[in-house]
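1. Pasting a predicted model and its sequence here:
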Amino acid sequence: MGWLRVRIDHLFLLVEIHIVLANAASGMAVHDDCKLKFLELKAKRTYRSIVYKIEEKQKQVVVESVGEPTETYEQFAGKLPADECRYAVFDFDFLTPEGVQKSRIFFIAWSPDTSRVRSKMIYASSKDRFKRELDGIQVELQATDPTEIGLDVIKSRAS
């Protein structure tokens with residue numbers, strides 16, 4: 001029975017190490033403004049989009065910019081830097097084939113191929129935790145270049 005006890009203790013130690021590493025990997029705090037702006041987009045439609053960035057020195061996700069309700073998708077996509085990672089939310093309005101007006105809230109994990117490897121790793125390891133803070137995401141996209149978040153892709157994923 002002693003060997004079983006050792007194995008169980010070993011298993012618990014491995015689980016504890018895994019939990020510590022997982023928490024360290026996704027250790028980015030989420031600034032309260034991130035959730036507040038998202039709730040305003042979702043409930044009040046105060047914004048069309050929100051772009052979030054990770055402030056590495058402060059170890060937290062913050063709001064980088066918001067888009068007014070009249071913002072077009074092209075204007076929003078133009079805010080995503082060509083060589084830096086970001087998270088973004090876009091409230092996409094569209095008509096169904098039956099002519100019904102609908103809306104979908106997209107979460108975009110933007111990680112261009114040209115961004116730093118360290119940045120890609122930080123954004124990838126923090127994404128799920130951050131996304132859980134934004135209750136109401138309907139469609140998720142991960143993109144490494146602009147073609148993966150083109151308007152045609154958004155339209156096809158919306159319906």
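-> Structure received. Residues are numbered from 1 along each chain as shown.
2. May I have the residues that are in contact with residue 67?
-> 47-50, 75-76, 79, 90 (Cβ atoms under 8 Å, 6 or more residues apart in numbering). Quick note: C-beta positions are derived from backbone N, CA and C, even for glycine.
3. make it 7 Å
-> If you count contacts by Cβ atoms under 7 Å, 6 or more residues apart in numbering, residue 67 has them with 47-49, 75-76.
4. Ranking helices and strands of this protein by mean pLDDT, which lands last?
-> helix 2-25 (a mean of 45; mean pLDDT, DSSP states H and E).
5. next SSE after that helix?
-> Tracing the chain past helix 2-25, the next element assigned as helix or strand by DSSP states H and E is strand 29-30.
6. could you give the mean pLDDT of that next one?
-> Throughout strand 29-30, pLDDT has a mean value of 95.
7. And the contacts of it?
-> Outside strand 29-30, the residues that reach it (Cβ under 7 Å, 6+ apart) are 59-61, 130, 133.
8. Can you tell me the closest non-neighbouring residue to the spatially most central residue of the chain?
-> Nearest to the mean C-alpha position of the chain, by Cα atoms, centre = their mean, lies residue 87 at 4.3 Å. Spatial nearest neighbour of residue 87, chain neighbours left out: residue 52 (4.2 Å); criterion: Cβ to Cβ, 6 or more residues apart in numbering.
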